[in-house]
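Participant: Quick one, fold the following:
(2 chains)
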Amino acid sequence: MSIIEVERLTKYYGRVRGIEDVSFQVEEGEIFGFIGPNGAGKTTTIRLLLALIYPTRGSARIFGKDVFRYGPEIRQDIGYLPGEVFYYERMKVIDLLKYAASFYNRDCTRRMYELAEYMELDLNRRVDELSYGNRKKVGIVQGLMHNPRLVFLDEPTIGLDPLMQRRFFDLIREENARGLTVFFSSHILSEVQRLCHRVAIIREGRIVEIADMETLIRNNYKKIRVVARDVDPSYFDLPGVTNLERTDHAVHFFYRGDINVVLRRMSALNLTDVTIEEPTLEEIFMHYYQRSES
Amino acid sequence: MNIFWHEFKSGLRSLLIWSGVMALFILLSVMKMAGYVNNPEMIAVLKAMPQAISAAFGLGPFDLTTLEGFFGVMFVYFALIGAIAAATWGSGVLSREESGKTADFLLALPVSRSRVLTAKALAALANCLLFTLVTGVVSALAVQSYQPEAGFYRLLVLEMEAMFLIELIFLAIGLMLASLLRPSWRAASVAIALILASYFAFAISNMSRDFDFLKYFTPFKYFDAAVFLREGHLDGTYILVSLLIVLASIAIVYVAYPRRDIYV
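Facilitator: The predicted structure is shown next:
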């Protein structure tokens, strides 16, 4: 059974598009990346799944249950780390966490202290004294202290220093190894690439691709750079070639298809140098972005 | 219970401030009262005042030179302050989650919106109850030097009952506005505008019989101290009307708030 099943979920804010016909499934134990530029609809999707807002149409189930009907019940087993963390300003961190813990049907105390220690969070400070990064740490403790089955991370690393980011990633990997399903929304592709098993790319409210991270990076595209005297970029204008451009003596392009076709073309040239690489997720992403713009 | 206590603690500061304001108002009024109660010169001045003016000030039927008469005039201010405080609390319990951007925290927890609503409404209700109690107790203590009789206490109890009913009405209206308006923090100012409009409708309806019809639209007229001072009890029909307004508003809140899109 899928942990999250989203079908043609659509949200309009009045006439403004939030998301349109978003469909995907997240399987148990997976770290599912959700990437797209700011304003693409990532947060809208998460807030719909938490029933903070209601859809214009479409449906969403978590643990097999409709999120809009069984919200309180399914949220017992969901953690949520919002992109920007806001808490009651005049409360002490420990009181805030205890207040949050009081909503769960289990004891969160031990895990709360463990997580706070691991993230080096001072529990006796008041929320309004905390830096942005420290608020984020409170959010991390709050999102995980009840040992949820599923956690939504919305731009989780913003505000965390690099050391804490690494610690946080280790924590997520550890929890994932113990069975936690992770929905990881981000516009920072390198971190999605580091962590996620599968990824959906969202752009202007629509899903443009869902693929295994490995497939996306290894099998789909090659990034090719050819250095040769007097070669015109149009020489490589073959089916499957995109983002074709020239810099100084080199020709760069992405290629998807039978690698022999390109190699045969190259063999007719007098090459100075050639590199064939797997593109980074960033480059794949830019590729999707440019393609749908043109 | 956890939400109730959290809300109650969050609202405690506001309750203390409003109680302080109310206590100050009562003490200053009672100090001023020394110039009226049992003062023959004042009787002459008040008799010379044109009817329309004294009506506009809400003095009309009251004898300012007695303790009961003076507190009869004070009632409308109790009601006004109570209404504004209640509307502020009613709209505030809901809207402050959105204005403070904490709604995502609270409503992503495993709790239904209607449970959140119930706890918050009860916390605001507790504030109204305590505020009314403070008003009554401070009033009683402030006039001890006048050695009030049983009649004064009967009036004071009626005033506090009426004040509480008016608070209930505007508490419910505040909750309703906060669950309907967007952004929800506009609810407090809309509610206060509504209260002031009701108050002016009350003042105008007192000035001339031509505006008598206004009495149906203003809760201040439902419980007119001039009437219950004379009759010795609150008007049963208007108690019913008040409770209907409260129930209708609360019903709207329970339909609207759980379906509301929460934006922060």
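Participant: got the residues of the stretch 101-250 of chain A near chain B?
Facilitator: Counting by Cβ under 8 Å from any Cβ of the partner chain, the residues of the stretch 101-250 of chain A lying close to chain B are A:102-105, A:142. All C-beta spots, glycine's among them, are computed from the backbone N, C-alpha and C.
Participant: Could you pick out the buried ones from the residues you listed?
Facilitator: A:103-104, A:142 (16 or more other Cβ atoms under 10 Å in any protein chain shown).
Participant: Using TSV, please lay out those residues together with secondary structure.
Facilitator: Formatted as TSV, those follow (DSSP: H, G, I helix; E, B strand; the rest coil):
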residue	secondary structure
A:Phe103	coil
A:Tyr104	coil
A:Gln142	helix
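Participant: Closest one of the residues you listed to chain B?
Facilitator: A:Phe103 (4.3 Å; Cβ to the nearest Cβ).
Participant: To which secondary structure element is A:Phe152 assigned?
Facilitator: Assigned by DSSP states H and E, A:Phe152 falls within strand A:150-154.
Participant: that's a helix at B:Leu64, yeah?
Facilitator: No: with three-state DSSP as the criterion, B:Leu64 is coil rather than part of a helix.
Participant: and it, how many neighbours?
Facilitator: 19 (other Cβ atoms under 10 Å in any protein chain shown).
Participant: thought it was touching B:Met74?
Facilitator: No: the pair B:Leu64 / B:Met74 is not scored as a contact, 10.4 Å apart, by Cβ atoms under 8 Å.
Participant: Which stretches in chain A count as helices?
Facilitator: Along chain A, counting by DSSP state H, helices occupy A:42-49, A:71-74, A:93-101, A:109-118, A:132-144, A:162-177, A:189-195, A:213-214, A:259-267, A:281-293.
Participant: what does chain B have sitting close to chain A?
Facilitator: Of all the residues in chain B, those lying near chain A are B:2, B:6, B:10, B:100-105, B:107-112, B:115, B:259, B:261-264, going by Cβ under 8 Å from any Cβ.
Participant: Which of those residues fall in helices?
Facilitator: B:2, B:6, B:10, B:103-105, B:107, B:115, B:259.
Participant: Buried ones only from the residues of chain B next to chain A, please, as a PyMOL command.
Facilitator: Selection of buried members from the residues of chain B next to chain A for PyMOL, criterion 16+ other Cβ under 10 Å:
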select buried, chain B and resi 6+10+100+101+102+103+104+105+107+108+109+110+111+262+264
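Participant: returning to what we had before: what distance separates the strand holding A:Phe152 from the middle of the whole chain?
Facilitator: On the basis of Cα atoms, centre = their mean, to the nearest Å, strand A:150-154 sits 10 Å off its chain's mean C-alpha point.
Participant: Ok, stretch A:110-120 next?
Facilitator: Taking mean C-alpha positions (Cα atoms, centre = their mean), stretch A:110-120 and its chain are 25 Å apart.
Participant: Go through it and flag the buried ones.
Facilitator: For stretch A:110-120, a neighbour-count test (16+ other Cβ under 10 Å) marks A:111-112, A:115-116, A:118-119 as buried.
Participant: cool, and stretch A:79-90?
Facilitator: A:79-88.
Participant: cool, and stretch B:227-239?
Facilitator: B:228-229, B:234-235, B:238-239.
Participant: neighbouring contacts of the strand holding A:Phe152?
Facilitator: A:3-4, A:42-43, A:46, A:49-50, A:62-63, A:77-83, A:143-144, A:172, A:175, A:180-186 (Cβ atoms under 8 Å, 6 or more residues apart in numbering or on different chains).
Participant: contacting residues around residue 213?
Facilitator: Defaulting to chain A. A:33, A:193, A:196-199, A:281.
Participant: oops, chain B please
Facilitator: B:Phe213 makes contact with B:Ser205 under the criterion Cβ under 8 Å, 6+ apart.
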